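**Student:** Pasting a predicted model and its sequence here:
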Amino acid sequence: SRSLRLTRNQLEMVGCWAVISFCIHMHFVCKVVTVNAADKYTWVSLTDSELKQWYSPTDLCALENTDIKEFPQFIRANNCSKYSHGSKRLHCGVGMGSNNHACYAPFGAARPSYKRGVQGYTNFDSKPLLEFLTQLYETNTTLVIIGDSTSRQKLQALECELLREDKRVKVRGHLWGTLPCNTTLKVYLPPDKQRLTVIQSISMGPNSATCLKGGKGASAPASGAFENAQFIVDQLTASNRSVFIVANIGLWYNDLDLFNEVVPPVLQWLLEVARQPHRSNVVTWHETFSQHWINPTGSGYFSKGYADLQERQPAFKLPHLVDAFDYQVPTCCRHVTNTSYLADWRNDVIHTHLHKMDRNGLISVLPMAAITRPVADMHTCNPLYSHDCTHYCFWPLMWQPFWHQLQQKMHEKYPVSKK
């Protein structure tokens, strides 16, 4: 028999009798877990005093710009020269985007989430990431980020968060080097920068099969998706270190059946890492971030046919005719309207397999889908330059629950810091 796990939102969307019929037909043991992560994470507007804490004067100026054609670095340098003194620097500020594109204007008008944060995670004085990395250093533990193209954004966000928490932090390494294989970052912690903690970021997916020289490649389990990651983790634990893993492979896969084949061996390997004797390993799986593409199901998943059709519409050909407030949503991206079971199959498949394979809860799931679902306005999408409803603009508030979750998991492992 197999187990089916549904959130309360999914149960309400599908209906109890539909779920029962589905379970009987598919030979599932129906154990419905009514945990509604969306209820736990509510986006709220920041106060004026909070905005002034989270954003620099240049950022606050840029947020008021409604020019859809101007590049963000020129908005900062020219329109906000009173504060920027002509600097085009985007790093960690309003306008910083994703892997290949900046976050294009308009900002505050089209992207109200710049001025919002998740309730309970808007305290500017909190330092979750610095505390987390300090505890990694004190416990001889290496942070290992394993995943897809969003790993680059995690590394970017990590550096920006550390600089927000303490400008004395130094981060060295190739932030963009995760793809196609792996990269290493070195973080020098204050106050004296003598404390060094190392972060490994490793790609895990179909393109990773050729990364390990002398490996089995596509003949390895999961078609080689995690062979290189397994090799690096084995090296770390063999050198008398523990690992704190943050894993995800969602966006590499666009086929449900293939994803269903790959997930069990990946999770089995991660469970073996979590059970490894004589090591204090922590293994987490972060949900795939919500996408906000227009598609026939309302799930937000990418659909090439619908994306191509959307790009032929007048709003994309003549975007200057679109009101600034509608420019991002619904012109470029759309809100998720369907949260029924398997609409978001990249996350639902993970929950289902973990419910079956991980009875002891060794792998903690970080609910990033629920956190990012309400922020369709924050993608780098712009009809003039980039149609992207997958990757997000950088703004520090989105990442606060994520850093706090990591800190919490480390505190659960080590209630009292080792020194």
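**Tutor:** Thanks, I have the structure now.
**Student:** For stretch 156-174, measure first residue to last.
**Tutor:** This stretch, stretch 156-174, spans 10 Å end to end (C-alpha to C-alpha, to the nearest Å).
**Student:** in it, what's buried?
**Tutor:** Q156, A157, L158, E159, C160, E161, L162, R164, E165, V169, V171, G173 (16 or more other C-beta atoms under 10 Å). Backbone N, C-alpha and C define where each C-beta goes, glycine included.
**Student:** And for stretch 292-312?
**Tutor:** Across stretch 292-312, burial judged by 16+ other C-beta under 10 Å covers H292, W293, I294, N295, S299, G300, Y301, F302, S303, Q310.
**Student:** Let's test this: mean pLDDT of that stretch, rounded?
**Tutor:** The pLDDT scores in stretch 292-312 average 94.
**Student:** ditto for stretch 366-380
**Tutor:** pLDDT averaged over stretch 366-380 gives 95.
**Student:** CA atoms only for that stretch - export them in CSV, please.
**Tutor:** The C-alpha coordinates for stretch 366-380 follow below in CSV (Å, rounded to 0.1, in the frame of the first residue of the first chain):
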residue,chain,number,x,y,z
LEU,A,366,11.0,23.9,4.8
PRO,A,367,7.7,25.3,3.4
MET,A,368,9.0,27.7,0.8
ALA,A,369,6.1,27.0,-1.6
ALA,A,370,3.5,28.4,0.9
ILE,A,371,5.8,31.4,1.6
THR,A,372,6.3,32.4,-2.0
ARG,A,373,2.9,31.6,-3.3
PRO,A,374,1.4,35.0,-2.5
VAL,A,375,4.2,37.0,-4.1
ALA,A,376,3.5,36.7,-7.9
ASP,A,377,4.6,40.3,-8.2
MET,A,378,8.2,39.7,-7.3
HIS,A,379,9.6,37.8,-10.3
THR,A,380,12.1,39.4,-12.6
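**Student:** thought P72 was touching V94?
**Tutor:** Yes: using C-beta atoms under 8 Å, P72 is in contact with V94, at 7.2 Å.
**Student:** Between those two, which is the more surrounded one?
**Tutor:** Between P72 and V94, V94 has the larger neighbour count (other C-beta atoms under 10 Å), namely 27 against 22.
**Student:** since we're on P330, how many residues are nearby?
**Tutor:** With other C-beta under 10 Å as criterion, P330 counts 15.
**Student:** same check, this time on N347
**Tutor:** Residues near N347, counting by other C-beta under 10 Å: 24.
**Student:** tell me the SS of it?
**Tutor:** helix (DSSP: H, G, I helix; E, B strand; the rest coil).
**Student:** Equivalent analysis for L212, please.
**Tutor:** Classification of L212 by three-state DSSP places it in coil.
**Student:** Excluding chain neighbours, what is closest to it?
**Tutor:** N228 (4.4 Å; C-beta to C-beta, 6 or more residues apart in numbering).
**Student:** same deal with R275?
**Tutor:** L362 (6.8 Å).
**Student:** For that neighbour, give me the backbone phi and psi.
**Tutor:** phi -70, psi -30 (degrees, to the nearest 10).
**Student:** separation between it and A238?
**Tutor:** Between L362 and A238 the computed distance is 21 Å (C-beta to C-beta, to the nearest Å).
**Student:** These two: who's more crowded?
**Tutor:** The residue with more neighbours, out of L362 and A238, is L362; 17 against 9, by other C-beta under 10 Å.
**Student:** Distance check, the more buried one against L271.
**Tutor:** 6 Å.
**Student:** Okay, strands next: where are they in the stretch 51-200 of the chain?
**Tutor:** 116-118, 141-147, 170-173, 182-189, 195-203 (DSSP state E, counting those that start in this stretch).
**Student:** Switch the ones you listed over to TSV; also include mean pLDDT and distance to P106.
**Tutor:** Formatted as TSV, the strands of the stretch 51-200 of the chain follow (pLDDT from 0 to 100; distance: least, C-beta to C-beta, whole Å):
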stretch	mean pLDDT	distance to P106
strand 116-118	98	16
strand 141-147	96	31
strand 170-173	94	31
strand 182-189	95	33
strand 195-203	95	32
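**Student:** between the ones you listed, which one is nearest to V283?
**Tutor:** strand 141-147 (9.4 Å; C-beta to C-beta).
**Student:** Could you tell me which strands sit next to that closest one in the sheet, and their orientation?
**Tutor:** The strands that strand 141-147 pairs with in its sheet are strand 195-203 (parallel), strand 242-247 (parallel) (by DSSP bridges).
**Student:** Dump these to a markdown table, plus mean neighbour count and distance to K52.
**Tutor:** Formatted as a markdown table, the strands paired with strand 141-147 follow (neighbours: other C-beta atoms under 10 Å; distance: least, C-beta to C-beta, whole Å):
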| stretch | mean neighbour count | distance to K52 |
| --- | --- | --- |
| strand 195-203 | 20 | 31 |
| strand 242-247 | 22 | 32 |
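**Student:** Any chance of those strands in a markdown table with distance to M398 as columns?
**Tutor:** Formatted as a markdown table, those follow (distance: least, C-beta to C-beta, whole Å):
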| stretch | distance to M398 |
| --- | --- |
| strand 195-203 | 19 |
| strand 242-247 | 16 |
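**Student:** Between these, which one is closest to L321.
**Tutor:** That would be strand 195-203 among those, by C-beta to C-beta, at 40.9 Å.
**Student:** Also compute the angle for that closest one relative to strand 182-189, please.
**Tutor:** Strand 195-203 and strand 182-189 are oriented at 160 degrees to each other (axes from the mean of the first three to the mean of the last three C-alpha atoms, to 10 degrees).
**Student:** follow-up on the earlier one: so which of the buried residues of stretch 292-312 belong to helices?
**Tutor:** Using DSSP state H, the members of the buried residues of stretch 292-312 that fall in helices are Q310.
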